[in-house]
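>>> okay, sequence plus prediction incoming.
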Amino acid sequence: MARLVLLHGFTQTGRSFDPLVPALAAAFDEILAPDLPGHGPAPVAPAGLEAAAEHAAAAGGRATYLGYSLGGRVALHLALARPDLVERLVLVSTTAGLDDPAERAARRAADDALARSLEEEGLDAFLDRWLAQPLFAGLPAGAAGVKARRENTAAGLAGALRSLGLGAQAALWDRLPELAMPVLVMAGERDDRYRGLASRLVAAIGPNATLRTVPGAGHACHLERPAAFLDALSRK
């Protein structure tokens, strides 16, 4: 049985993939989209990316894993820890971490400050500010899935920032050659930073990795240009 597990980004939930599921169902017998730790109306307490990977593995079992942004970092941890469960890995708009310890420490402090602001201002105001970032400039308001994002809790997302944020992650670049399964790395054509990171991921993984860009899309390429994303995903 072909199973696909979809792992969402920060402030999203498993429901964020709903617009893509009907098309994906043509290629998979079962599609699962669990809420990651710190996310959803009744969030599991986040305890680090390794624990988040275990959470995803318990929900998904043996499958193709597709992770976007935060979900991509969780999927990468899972593929390195439990390669027996990952038949194919799809990494969308993501990274293997920050190499520079000073940069990582600065990001950890920034994530903690962002978590404090979330706790102080509340979920709705934070989401408005989060989605107003230049990173999401290409994401139409109707495709942002704001209703699903508002199912999260401020405490859950604050915990996710502190435990699952880029500042909390050890860099995994040196371990990428361990990945032996087929890996597809995707990024939006207009997302310069993550397009560069995608190229670096493919180079570090090796010949079993393929790079594809989504034309006309930015960071949230699967929501900004879903038809183009699905075409790139399914291309042989």
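Received, thanks. Worth saying up front: this structure is predicted, and the values here are computed from it rather than measured.
>>> CA atoms for contacts and neighbours, from now on please.
Noted.
>>> in the protein, what residue spans correspond to strands?
3-7, 30-32, 63-68, 86-92, 183-188, 209-214 (DSSP state E).
>>> for residue 42, find the nearest of those.
Closest approach to residue 42 among these (CA to CA): strand 3-7, 17.0 Å.
>>> can you point me to the longest helix in the chain?
Ordering each helix of the chain by length in residues (DSSP state H) puts helix 101-121 first.
>>> list the buried residues for that one?
Within helix 101-121, the residues that qualify as buried are 104, 107, 108, 110, 111, 112, 114, 115, 116, 117, 118, 119, counting by 16 or more other CA atoms under 10 Å.
>>> over to stretch 70-81?
70, 71, 72, 73, 74, 75, 76, 77, 78, 79, 80.
>>> need the contact list for the fourth one.
Applying CA atoms under 8 Å, 6 or more residues apart in numbering, we find residue 73 in contact with 49, 67, 94, 95, 96.
>>> need the contact list for the residue nearest to residue 165 when sequence neighbours are not counted.
Nearest residue to residue 165, sequence neighbours excluded (CA to CA, 6 or more residues apart in numbering): residue 111, at 6.6 Å. Residue 111 makes contact with 161, 162, 165, 167, according to CA under 8 Å, 6+ apart.
>>> tell me who's in contact with the first one.
The reference is to residue 161. Residue 161 neighbours (CA under 8 Å, 6+ apart): 111, 112, 114, 115.
>>> these into CSV, with extra columns for distance to residue 183 and pLDDT?
Below are the contacts of residue 161 laid out as CSV (distance: CA to CA, whole Å; pLDDT from 0 to 100):
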residue, distance to residue 183, pLDDT
111, 29, 97
112, 32, 97
114, 32, 96
115, 32, 97
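>>> and the pLDDT at residue 141?
In this model, residue 141 is scored at 86, pLDDT.
>>> right, and residue 116 touches residue 159 too?
No - counting by CA atoms under 8 Å, residue 159 is not a contact partner of residue 116; they are 10.0 Å apart.
>>> partner residues bridging residue 184?
residue 90, residue 210 (DSSP bridges).
>>> spit out the contact partners of it.
Counting by CA under 8 Å, 6+ apart, residue 184 makes contact with 89, 90, 91, 209, 210, 211, 212.
>>> how about a cut-off of 10 Å?
66, 88-92, 198, 201-202, 208-212, 232-233 (CA atoms under 10 Å, 6 or more residues apart in numbering).
>>> residue 80 too?
53, 86, 172, 175, 176, 177, 178, 179, 180.
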